[in-house]
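Asks: pasting the structure only:
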């Protein structure tokens, strides 16, 4: 019998292109997720070259860290991993953490890896900077490194709690919140 030249294990022409070219759905968001973090670290590390410009370097780092905090909390968390968190304070001063999560299947694996890698690695780097500044007695930079550690760790803490506790969807949380608010308003009127 003549052998067939077709191998069932090998992909046909063009079939494997889709698997290799699995594009990231939100490339700009993925870039910004890492850009502000990396830029803050880069400016911090390059500050030795600009010895006379402590205030300008500090302000630049704080602005980059603030942009990063806002971007991660409000944009990249929602788009890359489908998670969102915030803290709500009632009129009586009671603080409530609110966590939301999309269904697991609607998240791209590559985007999720980029998100979690950036979220975990950079607080570790800022912690290393804090400890190195403490041991080298460079007190003026300690405030900047602590600010980096706090802002990066706050997002990490929020998203880890969100991943663990935020199992219900966005609409369920919104409906529950609106229901509680309407109930409070009805009680206040009576």
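Replies: That came in fine, so what should we check first? Everything numeric here is computed off the predicted structure, so don't read it as measured data.

Asks: the strands in this protein, which residues?
Replies: 83-89, 95-101 (DSSP state E).

Asks: closest one to residue 42 among those strands?
Replies: Shortest distance between residue 42 and the strands of the chain, using Cβ to Cβ, is found for strand 83-89: 27.0 Å. C-beta coordinates here come from the backbone N, C-alpha and C atoms, glycine included.

Asks: on that earlier part again, wait, which of the strands of the chain is closest to residue 157?
Replies: strand 83-89 (9.2 Å).

Asks: Pairing partners for that closest one, with directions?
Replies: Partners of strand 83-89 in the sheet, by DSSP bridges, are strand 95-101 (antiparallel).

Asks: Now the partner strand: buried residues?
Replies: Residues 98-101 are the ones in strand 95-101 that count as buried (16 or more other Cβ atoms under 10 Å).

Asks: Roughly how far does the nearest residue to residue 86 once chain neighbours are set aside sit from residue 115?
Replies: Nearest residue to residue 86 in three dimensions, chain neighbours excluded: residue 98, at 5.5 Å (Cβ to Cβ, 6 or more residues apart in numbering). Plainly put, residue 98 is 20 Å away from residue 115 if you go by Cβ to Cβ, to the nearest Å.
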